[in-house]
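Peer 1: make a model of this:
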Amino acid sequence: MGREWQLVKLGEVLEHRKGFITIDDLTTYKRCTAKLHAKGIVLRDEIEGSRLKTKKQQVCRTGDFLVAEIDAKVGGFGIIPPELERAIVSSHYFLFEIDEEMLKRNYLDYFIKTHDFQKQISARGSTNYAAIRPKHVLDLEIPLPPLDEQKRIVKRVGSLMTRIEEARRMRAVAIKEMARLLGKSIEKYCFKKAYPIVDFGDLIEDAKNGIYKPTIFLGRGVPCIRMFNIHNGKINLSDCVLLDVTKEELNKYECNPGDIIFNRVNSRELVGKAGLVHTGSPKCVFESKNIRLRVDLKRTIPKYANYIINSYNSKDYFSDVLKQQCGQATLNRTHLDKMPFPLPLIETQQSIVTYLDSLQSKMDELKKLQVETEKEIEELISSILDRAFKGEL
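Peer 2: I've put the predicted structure just below:
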């Protein structure tokens, strides 16, 4: 069936809109941006006109086809959704009106996600210059069946996509529930038992703020743990920036196995997170927005302490005592020292850690499975779209 469909250039069904408006300093505008890999058009921010340096902007309309001049070759394009009606974009984007008497916008929305479309757009323009121009977009080709057939394809693909999104949602719910179980287990086995509650400061043997160096020292040297590298009680060194440090600085700021890296400056939602440096980690240092904690090993286990710092109870405590300034939340040594800390015997701590580790391991397996199945899902989507535009669905 697909072989009978006429191939037409987008210039026959799209019209490049070139109009610009002058920004009013007293008006607040929505700005949108194109996510890469054909993931759609989303809100970038809302901004007062007085803060916009470029006073000539384009206005988006629901259903427009938006193409990013620089990012088009990596999937920077999509259909304007209703919530971004009258959002603005700069001259580095191109807006195209769709002739819906010939081409349904949802049909185009699915087609631009295909390998065929991406291959076409990647081949346009200069090989030495990433940007494309409107004429390149209008020269792209699309299979154009009758409107009734376009509607049928959209309905069929939409039905399959709904099932796929439900599978994704259920998978995300499972991970979220496992994380909630881990948090509730810390509360149940640590805070709701009749263990002595001490100030965390009584257990800290050393606390040190991290290193700050200008950006000219980035890109070489040893991994530097930033706030972005701390997530869910762990430290991810795989995407750390490298920092050039002297031997003296390395000795002063080096992270050793058992050290807890505590984030002291961040957004209100994220400040106070912590991660544990594990055995086998490479030599690394930590940035000034973090604190390196070393605890009294005779009284507490670092992994247990890390679980306590990341618990719901501690998050509530940090939320009450943090200082908010210029959009950033900060915690200091005094706040850490006063943090309530349930302190069972070392043997009991080890038993709790063993149980919590088992829950963490299950959650890690779920996340690993999520990554693996996401690749399969993307391949399935690609196959569905390929078959749809060959007339095989």
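Peer 1: please make it C-alpha for all contacts and neighbour counts, starting now.
Peer 2: Will do.
Peer 1: measure stretch 99-107 end to end?
Peer 2: Start-to-end span of stretch 99-107 (Cα to Cα, to the nearest Å) is 12 Å.
Peer 1: how about it: buried residues?
Peer 2: 103-107 (16 or more other Cα atoms under 10 Å).
Peer 1: export those to CSV and tack on pLDDT, secondary structure and distance to residue 377?
Peer 2: Formatted as CSV, these follow (pLDDT from 0 to 100; DSSP: H, G, I helix; E, B strand; the rest coil; distance: Cα to Cα, whole Å):
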residue, pLDDT, secondary structure, distance to residue 377
103, 96, coil, 28
104, 95, coil, 26
105, 95, helix, 24
106, 95, helix, 21
107, 96, helix, 21
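Peer 1: so how far is residue 241 from the spatially most central residue of the chain?
Peer 2: The centroid of the chain falls nearest to residue 228 when counting by Cα atoms, centre = their mean (10.9 Å). To residue 241, residue 228 is 10 Å away according to Cα to Cα.
Peer 1: which other helices and strands does the lowest-mean-pLDDT helix or strand in the chain contact?
Peer 2: Counting by mean pLDDT, DSSP states H and E, the chain has its least confident helix or strand at strand 323-325, which shows a mean of 86. Packing partners of strand 323-325 (3 or more Cα pairs under 8 Å, 6 or more residues apart in numbering; DSSP states H and E): strand 328-330.
Peer 1: the strand it packs on pairs with which strands, parallel or anti?
Peer 2: According to DSSP bridges, strand 328-330 forms sheet pairs with strand 265-266 (antiparallel), strand 323-325 (antiparallel).
Peer 1: tell me the most buried of those strands?
Peer 2: Mean neighbour count, computed with mean count of other Cα atoms under 10 Å, is highest for strand 265-266 among the strands paired with strand 328-330, reaching a mean of 22.
Peer 1: show residues contacting it.
Peer 2: 227, 271-272, 289-290, 328-331 (Cα atoms under 8 Å, 6 or more residues apart in numbering).
Peer 1: which element follows it toward the C-terminus?
Peer 2: strand 274-276 (DSSP states H and E).
Peer 1: what average pLDDT does the helix or strand following that next one get?
Peer 2: Per DSSP H and E, the first helix or strand lying C-terminal to strand 274-276 is strand 285-286. The average pLDDT within strand 285-286 is 98.
Peer 1: closest to residue 216 among the contacts of strand 265-266?
Peer 2: Comparing these against residue 216 with Cα to Cα picks out residue 289 as the nearest, at 18.4 Å.
Peer 1: quick one: contacts for that closest one?
Peer 2: Contact analysis of residue 289 by Cα under 8 Å, 6+ apart lists 209-210, 226-227, 263-266.
Peer 1: so can I have CSV of those showing pLDDT and secondary structure?
Peer 2: Shown next, in CSV, are those (pLDDT from 0 to 100; DSSP: H, G, I helix; E, B strand; the rest coil):
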residue, pLDDT, secondary structure
209, 97, strand
210, 97, coil
226, 96, coil
227, 95, helix
263, 97, strand
264, 96, coil
265, 95, strand
266, 95, strand
